[in-house]
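Engineer: got a predicted structure plus its sequence, pasted below:
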Amino acid sequence: MEWTNRESFCISCHEMRDYLFTEYKRTVHYHNGSGVRATCPDCHVPRDWLHKVERKVMAVNELFHKITGSISSKARFEARREQLGEQV
């Protein structure tokens, strides 16, 4: 499970790499004066084990959208972005 808590895992699908990661690289989370970066798991994965497992189970919804192709293009992703964001 810890392997899935790495930024490299998060951006391994093209939707994350091409859409969200591109935006993230333009934020203070990526570039800042301290040189310390906030990565995906810092904000999107709970630290305690119980809630971490719960989040991983909820991530199955994201896989569903990946498999069905409902977020396979930038336009499709943007159409579902708010819904997906609320779930995260």
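Structural biologist: That came in fine, so what should we check first?
Engineer: what count of nearby residues applies to Cys10?
Structural biologist: 19 (other C-beta atoms under 10 Å). From N, CA and C alone the C-beta is placed, and that goes for glycine too.
Engineer: same check on Ser34?
Structural biologist: 6.
Engineer: just say helix, strand or coil for it.
Structural biologist: coil (DSSP: H, G, I helix; E, B strand; the rest coil).
Engineer: what's the pLDDT at it?
Structural biologist: According to the prediction, Ser34 has pLDDT 92.
Engineer: kindly report the same for the one 4 residues further on.
Structural biologist: As summarised for this prediction, Ala38 has a pLDDT of 93.
Engineer: return the residues in contact with it.
Structural biologist: 29-30 (C-beta atoms under 8 Å, 6 or more residues apart in numbering).
Engineer: same thing but 10 Å
Structural biologist: Ala38 sits next to 7, 24, 27-30, 32 when contact means C-beta atoms under 10 Å, 6 or more residues apart in numbering.
Engineer: which residues in this structure form helices?
Structural biologist: For the chain, the helices defined by DSSP state H cover 7-10, 14-15, 21-24, 40-44, 49-58, 60-68, 74-87.
Engineer: quick revisit: can you pick the most crowded of the contacts of Ala38?
Structural biologist: Those, ranked by neighbours (other C-beta under 10 Å): first place Tyr24, 18 neighbours.
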